[in-house]
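Visitor: Build me a model from this:
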Amino acid sequence: MTTMWRRYRVAFICLIAAFLVVIGGASPSQAHWADLAVAEVTVEQTKTAMILTFPTALVPGVDDNLDGQLSIDEVTKHQSELEKFFGDRIRLIDAQGETGKLAVAATNNLPVNIASNIQTHSTLELTYTWAQPVTGLVINYNLFLPNVATARCLATVMQGGQIRNLVFTPEQREFTLINPPVWQQISSFVWLGIEHILTGYDHVLFLISLLMLGGGFGYLTKVVTAFTISHSVTLTLAVLDIVTLPVRFVESAIALTIVYVAAENFWRTSLRWRWLLTFIFGLIHGLGFAGVLKEIHLSQSNLALSLASFNVGVEIGQIAIVTIAFGIFRTIKKSPGELIVRRCLSAGVVVLGLIWFVQRAFY
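Guide: Predicted coordinates:
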């Protein structure tokens, strides 16, 4: 066993280093807006209007002056082209199987929350009309950046005096707009939460760093519980705008929590009170989780449902991460090269955390 471990130790460490380089290059310090669209949908009897803010890169050849945003003149010039493009990718179908007639127009109704991304996104008004009042309506949304797993559209739907929120992803593209079942909103936010934790490399590395020293099931339970409670508290407070801190500060602080926990692995010998550290740092991570939810207007009528569903998704992803990491580190703990692996991993995470901190704090 010792000979085999020594033989593959270097290869294992190189594999881990390559993994760290890859996620470092992905840099979660970048805003969610790179692959995000936002829609405000108003459903009426014979008309459905959609104010859509989307990455301008999705419609190549239309941005004539290459300024990253579609002007009124550019929309007018390419109107028929845009109507065909969006008509193929965002289809609204009534109960009789009839697709609404689409008209595309420029609009100045730019959502406030993308003001800082004005050079990357454009906003259009898409209007679908029918000759007769519709009694059933399904939307099929297929407007995503190609080969981007995190591409999504966060939608606020207003219909019959009710407001609800939906999340379109490459895996979940179709929803009912009139009298929808409640599971639609629940499932969309659960998947959003799962995606957010699994693609949030900083949160993942924070959890992994906490498990590098090993520990038993009791320690694992305390860490997971502390992180769950703390990030749930600040996530809720941030979405309700009770606690509001600058994004730059929050993201920089998250990077520093990763640096500290990974560095602490070099000298910490007891895990007794580490759950308390997890709770304190989890409060900061909760503010980071809130970012994606603050990018849309969560309706007050079902805010609790959206928050709870998102939190459930985060917990599902978190449990998957810690279960796998716990098993791996328990196995490594039994090997003669455990100390070297732990220190190499911790050093790599410290370096990544410092890189992310510099990116977030100064760029």
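Visitor: ok, which stretches of this structure are helices?
Guide: Using DSSP state H, the helices of the chain run over 2-26, 72-77, 79-89, 183-198, 201-211, 217-239, 247-264, 274-293, 303-333, 338-362.
Visitor: and the shortest one, what other elements does it pack with?
Guide: Pointing back at helix 72-77 there. Counting contacts by 3 or more Cβ pairs under 8 Å, 6 or more residues apart in numbering; DSSP states H and E, helix 72-77 is packed against strand 101-106. Every C-beta, even on glycine, is put in place using the N, C-alpha and C of the backbone.
Visitor: Name the residues that touch the strand it packs on?
Guide: Strand 101-106 is contacted from outside by 70-72, 75-76, 79, 82-83, 86-87, 124-130, using Cβ atoms under 8 Å, 6 or more residues apart in numbering.
Visitor: 7 Å - rerun?
Guide: With contact meaning Cβ atoms under 7 Å, 6 or more residues apart in numbering, strand 101-106 is reached by 72, 75, 79, 82-83, 86-87, 124-129.
Visitor: If burial is judged by neighbour count, which of the residues you listed pass?
Guide: 75, 82-83, 86-87, 124-126, 128 (16 or more other Cβ atoms under 10 Å).
Visitor: Dump those residues into TSV; add distance to residue 169 as well.
Guide: Listed next are those as TSV, based on distance: Cβ to Cβ, whole Å:
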residue	distance to residue 169
75	27
82	23
83	25
86	18
87	21
124	21
125	23
126	20
128	22
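Visitor: Which two among those residues are spaced furthest apart?
Guide: Farthest apart among the buried ones among the contacts of strand 101-106 by Cβ to Cβ are 75 and 128. That separation is 17.2 Å.
Visitor: give me the number of residues near residue 332?
Guide: By other Cβ atoms under 10 Å, the residues close to residue 332 number 18.
Visitor: any idea of the pLDDT on the residue most central in space within the chain?
Guide: Central residue check for the chain by Cα atoms, centre = their mean: the C-alpha nearest the mean position is that of residue 196, 3.7 Å away. What the model reports as pLDDT for residue 196 is 81.
Visitor: Wait, it touches residue 316, no?
Guide: No: if you go by Cβ atoms under 7 Å, residue 196 and residue 316 don't touch, sitting 11.1 Å apart.
Visitor: Tell me where the stretch 1-150 of the chain is predicted with low confidence.
Guide: The model of the stretch 1-150 of the chain has pLDDT under 70 over residues 1-34, 109-118.
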